[in-house]
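Undergrad: Attaching a predicted model along with its sequence, questions to come.
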Amino acid sequence: MPPFESFRDRVAVVTGAASGIGRDLMFALVQRGVHVAACDLNAQKLQSSVRKAHRLDPEIRVTSHVCDVADRLAVRELQLDVAREHGTDRIHFLFNNAGTIGGMSFVNSPPEEWERTFAVSWSGTYNCTREFLPMLLAADQGAVVNTASVNALWASLGSRTPHSAYSSAKFAVRGFTESLVVDFQRNAPHLSAVLVLAGHVRTGMPAPPRTWKRAFGGAFADYEPVSSDSAARMILDAVERGDWRVIIGDDAATVDERVRAGPWSIYE
């Protein structure tokens, strides 16, 4: 993947921008001189985050957009709003960061909860990439950065602790992103796809249960969660270097290693 050396005066769309990694991605992008269209479903938190982003650099354009990324028609309206408010027919970065947790068990969780989690965490990534693709293709260089999870490697939160809907969605995000790596190489070589495999990051999302630290015989029992600010900077540094795969956290690195070394035994 080619490095992305010039950030200033580029345009980025960030979903899930009201909190956690998405919010800190917005802040870090503004500090690099990138104009940002910030999207979230929580209007109040989004406005607060955008006001802080404005204070970081008043010269950088930051717009707020309330949108349910699971709704394809709403995302189509989002794309039109971004083009109008930023006065452009192109964007350079798409950060598909929105996600939610629920539907832990396919057997016992309410179907509506399972389906909503899958829709936000997977369909949101697809919808945004599909609708913003023309604007990415129109840029001189662009990157689609998809926040997956350690649960895109291992569909569990520890021994016999299911994480069904979220893991299914993140496995889909992982496969989609890796397919884009090849697709872009062939059909849009000025675009890059970046897969973020994050472990436990300190955000507004619930912390993993105690079974997480006991996983794999306690192989990462003493890990410390990564801050969302550190995670955001690791992601942007990877984009700048031209890395297509970003592993965040000691727990994610351990899971990645164990799954590769012994995939037949990881659910025992």
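TA: Sure thing, it's come through. Note that this is a predicted model, so its numbers are computed, not measured.
Undergrad: CA atoms for contacts and neighbours, from now on please.
TA: Will do.
Undergrad: Give the other helices and strands that the longest helix seen in the chain contacts.
TA: Looking across the chain with DSSP state H, the single longest helix is helix 164-187. Where contact means 3 or more C-alpha pairs under 8 Å, 6 or more residues apart in numbering; DSSP states H and E, helix 164-187 is packed against helix 111-118, strand 142-147, strand 191-198.
Undergrad: For residue 92, find the nearest of the ones you listed.
TA: Across the helices and strands packed on helix 164-187, residue 92 has its closest neighbour in strand 142-147 (4.3 Å, C-alpha to C-alpha).
Undergrad: List the pairing partners of the closest one within its sheet, with orientation.
TA: The pairing partners recorded for strand 142-147 under DSSP bridges are strand 93-96 (parallel), strand 191-198 (parallel).
Undergrad: Now mean pLDDT too, for the helices and strands packed on helix 164-187, in TSV please.
TA: Shown next, in TSV, are these (pLDDT from 0 to 100):
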stretch	mean pLDDT
helix 111-118	98
strand 142-147	98
strand 191-198	98
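Undergrad: where in the stretch 1-150 of the chain is pLDDT low?
TA: For the stretch 1-150 of the chain, applying pLDDT under 70 flags no range at all.
Undergrad: let's go with 90 and repeat that
TA: 1-2, 4-6 (pLDDT under 90).
Undergrad: need the strands for it, in chain order.
TA: Secondary structure of the stretch 1-150 of the chain (DSSP state E, counting those that start in this stretch): strands at 11-15, 35-40, 62-66, 93-96, 142-147.
Undergrad: Relative to residue 162, which of the helices and strands packed on helix 164-187 is closest?
TA: helix 111-118 (12.3 Å).
Undergrad: What is that closest one packed up against?
TA: Counting contacts by 3+ C-alpha pairs under 8 Å, 6+ apart, helix 111-118 packs against helix 164-187.
Undergrad: and of the helices and strands packed on helix 164-187, who's closest to residue 211?
TA: Closest among the helices and strands packed on helix 164-187, using C-alpha to C-alpha: strand 191-198, at 17.7 Å.
Undergrad: Give me the distance from the very next helix or strand once past the closest one to the chain's centre.
TA: Using DSSP states H and E, the next helix or strand after strand 191-198 towards the C-terminus is strand 201-202. Centroid separation between strand 201-202 and its chain, computed with C-alpha atoms, centre = their mean, to the nearest Å, is 13 Å.
Undergrad: Now do the contacts for residue 11.
TA: Listed by C-alpha atoms under 8 Å, 6 or more residues apart in numbering, the contact partners of residue 11 are 34-37, 90-93.
Undergrad: in the sheet, who's paired with it?
TA: Under DSSP bridges, the beta-bridge partners of residue 11 are residue 35.
Undergrad: Can we start the residue count at 110 from this point?
TA: Taking 110 as the first residue, the last one we looked at is residue 120.
Undergrad: now it: how far from residue 252?
TA: Computed as C-alpha to C-alpha, to the nearest Å, the residue 120 to residue 252 distance reads 11 Å.
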